[in-house]
Every structure is written in structure tokens, then in C-alpha cells.
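A.B. asks: Here is a sequence together with a model predicted from it:
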Amino acid sequence: ADAICSSLRQTASLVAVAAMITYTRSGYTSLRAARERPVVPVLSITPELPVARRLALAWGVHSVHVEHDVSDVPGMVETGCAVARQEGYAKPGDIVVIAAGMPFGKAGTTNLLHIART
């Protein structure tokens, strides 16, 4: 998680990204990404309402609760880009960086960094 979140910040500073998106169940990935103090906002997506509420207090994190959990990378990218547009963090055509863990739904597995165009 430390390496992925550090790479997330470096990617955000090298590529003109609109936002960093983190998928999290426990909140750790979003908190770790915020600890890097990125130049772009951290958009945290979680299916856990208590986690979303707790992350609302974290520096630079905008937390969004989603009703459904993702099960594959294309679904993760589609949901992340849609939420970024809905929340006003990205416009169509903007670039976002996404951090998540695979297999999906298992806490403590942050091992995926994905760059996507909204």
C-alpha cells in the first residue's frame, strides 16, 4: 500500500490528472494516499458507510459511499470515472489515477495502480 500510494502521488505530479481515486473497504488506502499530501484531491470510494463517514474527516479526502461493490477492473474504472464526474472532480476526457486492491473486497491488498481517462 505504501509503494502504490507513493506511486499514485508521483504519477499525479508527472501526468496532469484531475483526481486520485482510491477504492477501499477499511479506509487505509485513502488515508495512506492523503498522507502523501498530493496536489490533487483524493476521491475515496467505499461500499462501507461507516468508513465513508470516518474518511470525511481526513485531510484532502472526499469520501463517497456506493451501494454496490466492484468485481473487476473494467467495472472499477467505469465506476471511478463516473463518480469523479458526478462529484465534480473530473470532466469527460480528464485523466484520473486509481488505486485498489485485488482480489476486490479483501482488506489489506492494495496492489493496483491504474491510469484512466474519464
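C.D. replies: Looks like it arrived, so ask away. Numbers count the residues shown, from 1 in each chain.

A.B. asks: How about residue 7: what's its closest non-neighbour residue?
C.D. replies: Distances taken as Cβ to Cβ, 6 or more residues apart in numbering put residue 113 closest to residue 7, at 5.6 Å, once the chain neighbours are dropped. Any C-beta I mention is one placed from the backbone N, CA and C, and that applies to glycine too.

A.B. asks: Please apply the same query to residue 41.
C.D. replies: residue 19 (5.3 Å).

A.B. asks: Looks to me like the one you found is in a strand.
C.D. replies: Yes: if the criterion is DSSP: H, G, I helix; E, B strand; the rest coil, then residue 19 is within a strand.

A.B. asks: Which strand or helix spans residue 34?
C.D. replies: helix 28-35 (DSSP states H and E).

A.B. asks: The next helix or strand after that helix: partners in the sheet, and parallel or antiparallel?
C.D. replies: Remark: after helix 28-35, the chain's next helix or strand is strand 42-46, criterion DSSP H and E. Sheet pairing for strand 42-46, assigned by DSSP bridges, gives strand 17-23 (parallel), strand 61-65 (parallel).

A.B. asks: Any buried residues in strand 42-46, and which?
C.D. replies: The neighbour-count check on strand 42-46 (16 or more other Cβ atoms under 10 Å) flags 42, 43, 44, 45, 46 as buried.

A.B. asks: Buried ones in the helix or strand just after that strand, by neighbour count?
C.D. replies: On the C-terminal side of strand 42-46, the nearest following helix or strand under DSSP H and E is helix 49-55. Neighbour-count burial for helix 49-55, counted by 16+ other Cβ under 10 Å, picks out 51, 52, 54, 55.
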